[in-house]
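Visitor: coords below, sequence missing:
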């Protein structure tokens, strides 16, 4: 039996899931992730288990619609919270480059220390420009209380499309009311965020982000604007969510 | 809109769940709970949501079988980890009294500091005798690696019945191999623990523990040993788990 450097036996039935969990706990120890982020991750683990811990064809359709939407946007922004930074800083940076999007740090429990830790993590993975940190986050999302509503006037506030992976319902609803096109990555097809977003990718962010980079790279090279438009027009989020829910309901006792 | 002392609006769609979550985060800040415990709680939240955040009739049957089993046992032990201590110290102490069981601190990530914090929390709620702390945990569960296998020779090691709420699969399997009767509380009917335990209560520990105290108190007063035996004999854990799974599968988009 092989035991990796964090002590997870490779033949453990939940090895991959445990590995992702350790990445997150590690992000927590480095000040990127808050306790509530760990709990949220656990919820995701449960849904991921029920969906079979794979990118379903249904999710893949949402990924392609998301990639097309980002490529068609003129001011797309990727919103990064602690969990996203801990798990996907590398692919966030790649996606921003491929899709011509900005990166904005946007956290529910805002402290300057944590903003800076997330910024540093993204920079470590090659990010050049990061919005939303410190005094830059000077604009306000209407109707949201407290620190959650602070956004960058050059980022989310002015964006046409916002990718908000792992977002909470209140914030997503506020973005929708601001007429943003909202793309989310959320393993719970029943969450408020999943239901109000324009495009919901029901998949683990660790699988969805590289798939999104791949789709954006491929579509950018091979597809006309008109065809991209067709992909987005043909996407029906309610129908897609319903399909994901059916997959969860059919999950078998193992 | 009423906002309670931890800042959760009472009309928030997830108020109760958020309140429990805050209890756990609070337990984390006080050194009872580890980061991995927060993630595990999140998994539970997801399953609780799918099961409708209520004690189902199916769970109630498991609760009654569990109460009967504990009353019939001569050396029942309640195993307490960080999450259980943070959420249910009061009902653990009550159940121990009503069912004549011992309480043992039993944690996956064992440090003396955390053992003592859990012990103190239980004592704050009136526990008189607590096993498994420090040098008392000198016996070993065979086949388990590391600190996880340490148990009290006067507690779990010698027990006939062990209540292990929120337990991991490896440990539960080891207890079964030691011929203990294992009762668990686990919101995931598909988990290894759920499947190998003798009695699995698929319910939130915050609801299940008071219900277990109530059932034990009622059965103790009103039911003969022969009738208790009939309750345990009639309980079929696989069938019960299958019913819980069906409830999850029928959960509706809200």
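Guide: Good, I have the coordinates. Computed from a prediction, not measured in an experiment: that's the story for all the values here.

Visitor: helices of the stretch 1-150 of chain A, start to end?
Guide: In the stretch 1-150 of chain A, the helices defined using DSSP state H, counting those that start in this stretch lie at A:15-29, A:35-51, A:57-72, A:82-99, A:112-124.

Visitor: could you check how far residue A:87 is from residue A:78?
Guide: 14 Å (C-beta to C-beta, to the nearest Å). Any C-beta I mention is one placed from the backbone N, CA and C, and that applies to glycine too.

Visitor: look at those two and report which has more neighbours.
Guide: Using other C-beta atoms under 10 Å in any protein chain shown, the more surrounded residue of residue A:87 and residue A:78 is residue A:78, with 31 against 23.

Visitor: look up phi and psi at residue A:185.
Guide: Here is the backbone geometry of residue A:185 (degrees, to the nearest 10): phi -120, psi 120.

Visitor: next up, the contacts around it.
Guide: A:163, A:165, A:166, A:200, A:201, A:203, A:205, A:208, A:209 (C-beta atoms under 8 Å, 6 or more residues apart in numbering or on different chains).

Visitor: go through these and flag which are in helices.
Guide: In this view, the contacts of residue A:185 that belong to helices under DSSP state H are A:205, A:208, A:209.

Visitor: most neighbours of all those, which one?
Guide: Most crowded among those, counting by other C-beta under 10 Å, is residue A:209 at 26 neighbours.

Visitor: confidence score at the nearest residue to it once chain neighbours are set aside?
Guide: Closest residue in space to residue A:209, ignoring its immediate chain neighbours: residue A:91 at 3.7 Å, by C-beta to C-beta, 6 or more residues apart in numbering or on different chains. Residue A:91 is assigned a predicted lDDT (pLDDT) of 98.

Visitor: what's the local residue count around residue A:91?
Guide: That count, for residue A:91 with other C-beta under 10 Å as the rule, works out to 22.

Visitor: check contacts around it.
Guide: A:209, A:210, A:212, A:213.

Visitor: how close does the first one sit to residue A:53?
Guide: By that I understand residue A:209. With C-beta to C-beta as the criterion, residue A:209 and residue A:53 are 16 Å apart.

Visitor: okay, which residue is most central for chain A?
Guide: With distances taken as C-alpha atoms, centre = their mean, residue A:165 lies nearest the centre of chain A, 2.1 Å away.

Visitor: quick one, what contacts that one?
Guide: A:79, A:81, A:84, A:88, A:184, A:185, A:186, A:205, A:208, A:209.

Visitor: make CSV out of those residues and add pLDDT and distance to residue B:249.
Guide: Below are those laid out as CSV (pLDDT from 0 to 100; distance: C-beta to C-beta, whole Å):
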residue, pLDDT, distance to residue B:249
A:79, 97, 33
A:81, 95, 31
A:84, 97, 30
A:88, 97, 31
A:184, 98, 25
A:185, 98, 24
A:186, 97, 20
A:205, 97, 25
A:208, 98, 24
A:209, 98, 29
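
Visitor: for those residues, which one is nearest chain B?
Guide: residue A:186 (11.7 Å; C-beta to the nearest C-beta).

Visitor: name the nearest residue to that closest one, sequence neighbours excluded.
Guide: Using C-beta to C-beta, 6+ apart, the closest residue to residue A:186 is residue A:194 (4.8 Å).

Visitor: my guess is that neighbour meets residue A:202, correct?
Guide: Yes - shown here, residue A:194 and residue A:202 form a contact pair, counting by C-beta atoms under 8 Å, at 6.9 Å.

Visitor: what's the overlap in contacts for these two?
Guide: A:186, A:188, A:241.

Visitor: nearest to residue B:234, of those residues?
Guide: residue A:188 (36.3 Å; C-beta to C-beta).
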